[in-house]
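J.: below is the sequence, then the predicted model.
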Amino acid sequence: MSRIYQIYGQDAHDMTLKLLEAAEAFRLVPSGGSVALKPNLVIAGTPESGSTTHPGVLSGCIEYFRAHGVKDLSVIEGSWVGEDTMRAMRRAGYDRVCERYGVPFYDLKKDRTRSVKTAAGPVEVCCRAADAGLLVDLPVLKGHCQTVMTCALKNLKGCLPDREKRRFHAMGLQKPIAALGAALRPRLIVVDSICGDLDFEEGGTPVQTNRMYLGTDAVQLDAYGRSLMGLNPGDVPYIEMCASFGGGSAEWSPQDVVELNHPRDGAAYPRPSGTVARLTRSVREDQACSACYAALIRALYTSHCGEGETIYIGQGWRNRTMDGLGIGACCRDASTHVPGCPPTAEAIARCLEERERGREA
């Protein structure tokens with residue numbers, strides 16, 4: 001089994017450098033090959049919110065690979081459907097990192113694609129990810145409103161054009177995530193677990209855990225992250241599914257973990273609070289895209305409305321008549337409808353509040 005290198009602290013740049021040095025990561029770069037850094041920029045959020053990869057992870061990687069003679073370095077990412085990738089990169093502070101080191105940032109939403117064979121059938125993958133000499137996966141370990149957690153494997157979904165991201169949701173997420181992980185199989189993963197939100201991929205309720213870890217097997221690192229979050233294998237089935245597709249091993253033991261400093265430098269790792277499960281008790285979700293579903297979660301969270309309201313969301317409700325509140329373009333045939341693809345959390349919250357006032361009148 002592969003080794004997992006782990007470090008505790010708050011300085012993402014320094015922690016990243018030490019992880020890469022301990023693992024001798026430069027040996028993974030093919031002679032004369034390129035290195036593409038793939039962070040998590042799902043939305044225009046700050047790392048402190050628990051949603052995006054800290055910019056210090058990027059700067060640490062850039063300094064390390066530059067010091068070992070790598071000249072062809074880039075940062076690549078495509079934010080979720082409905083978000084502007086360049087707005088997100090500026091919000092996270094990546095523009096300053098890229099400018100400081102002279103490293104280009106590529107918006108994968110504008111990249112060419114090519115078909116890649118996977119266990120779930122052919123998938124269109126952005127060329128800068130598929131053709132990188134070394135694809136470096138830089139996820140945030142955090143909760144997810146549909147897949148319970150997201151880390152190394154699900155972060156690869158950012159390597160797809162928006163049309164494929166939507167199709168993944170129509171396919172049920174679990175199998176296509178596993179299949180993509182086995183097909184791309186990044187050979188270096190640095191996990192930012194400094195302050196990931198443990199319930200929600202959009203952030204907002206971060207938990208400071210002051211931990212980062214590195215490995216070469218995305219399946220193993222996700223299995224380890226799942227354990228850190230106190231989850232069971234059945235909670236995140238795409239991990240074992242990816243292993244069955246040849247994407248890596250879901251096995252790990254404490255002996256596989258190489259501690260670079262003492263755990264007292266980091267906080268204890270708590271379980272997810274169950275906030276999303278509580279908020280969505282009356283939501284009827286069927287193949288919803290992350291951006292749409294997360295907007296609903298945010299609206300429920302901020303408006304404090306919607307309890308007992310029957311809410312429909314997802315591609316599975318297209319062309320079906322529903323008595324209740326429909327979220328997004330796919331649920332336009334509901335008796336009440338919030339338009340948009342995806343709608344904003346503000347628009348959903350406003351509708352929820354109006355319906356609440358109507359019931360009280």
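T.: Nice, I can see it.
J.: nearest residue to Ala183 other than its sequence neighbours?
T.: Thr118 (4.3 Å; Cβ to Cβ, 6 or more residues apart in numbering). C-betas here are computed from N, CA, C, even on glycine.
J.: just give the nearest non-adjacent residue to Pro343, would you?
T.: Closest residue to Pro343 apart from its sequence neighbours, by Cβ to Cβ, 6+ apart: Gly328 at 5.5 Å.
J.: ok, Phe43 touching Thr52?
T.: Careful, residue 43 is Ile and not Phe. Yes - using Cβ atoms under 8 Å, Ile43 is in contact with Thr52, at 7.5 Å.
J.: neighbour count: the two, which is higher?
T.: Counted by other Cβ atoms under 10 Å, Ile43 and Thr52 do not tie: Thr52 has more neighbours, with 30 against 24.
J.: quick one: Thr336 and Cys351, what's the gap?
T.: Plainly put, Thr336 is 7 Å away from Cys351 if you go by Cβ to Cβ, to the nearest Å.
J.: again but with Thr52, I slipped
T.: Note on Thr52: its distance to Cys351, by Cβ to Cβ, is 28 Å.
J.: quick one, phi psi at Gln6?
T.: The phi and psi values for Gln6, taken as degrees, to the nearest 10, are phi -130, psi 140.
J.: mind listing what it touches?
T.: By Cβ atoms under 8 Å, 6 or more residues apart in numbering, the contact list for Gln6 reads Arg211, Met212, Tyr213, Leu214, Val257, Val258, Glu259, Leu260.
J.: hey, what's it bridged with?
T.: Beta-bridge pairing for Gln6 (DSSP bridges): Tyr213, Glu259.
J.: pLDDT wise, what is it at?
T.: The per-residue pLDDT reported for Gln6 equals 93.
J.: middle-most residue in the protein, spatially?
T.: Centroid-nearest residue in the chain, with Cα atoms, centre = their mean: Asn155, separated by 4.2 Å.
J.: so for the longest helix along the chain, mean pLDDT?
T.: Looking across the chain with DSSP state H, the single longest helix is helix 345-360. Mean pLDDT, computed over helix 345-360, is 87.
J.: what's it in contact with?
T.: Here helix 345-360 has contacts from 294-296, 298-300, 302-303, 305-306, 309, 325, 327, 336, 338-340, using Cβ under 8 Å, 6+ apart.
J.: tell me the buried residues in that helix?
T.: Ala345, Ala347, Ile348, Ala349, Cys351, Leu352, Glu356 (16 or more other Cβ atoms under 10 Å).
J.: from the residues you listed, pick the one nearest Glu124.
T.: Each of these was checked against Glu124 using Cβ to Cβ; the closest is Ala345, at 28.9 Å.
J.: separation between the closest one and Val35?
T.: Counting by Cβ to Cβ, the gap from Ala345 to Val35 is 36 Å.
J.: repeat for Ile7
T.: Distance from Ile7 to Val35, counting by Cβ to Cβ: 21 Å.
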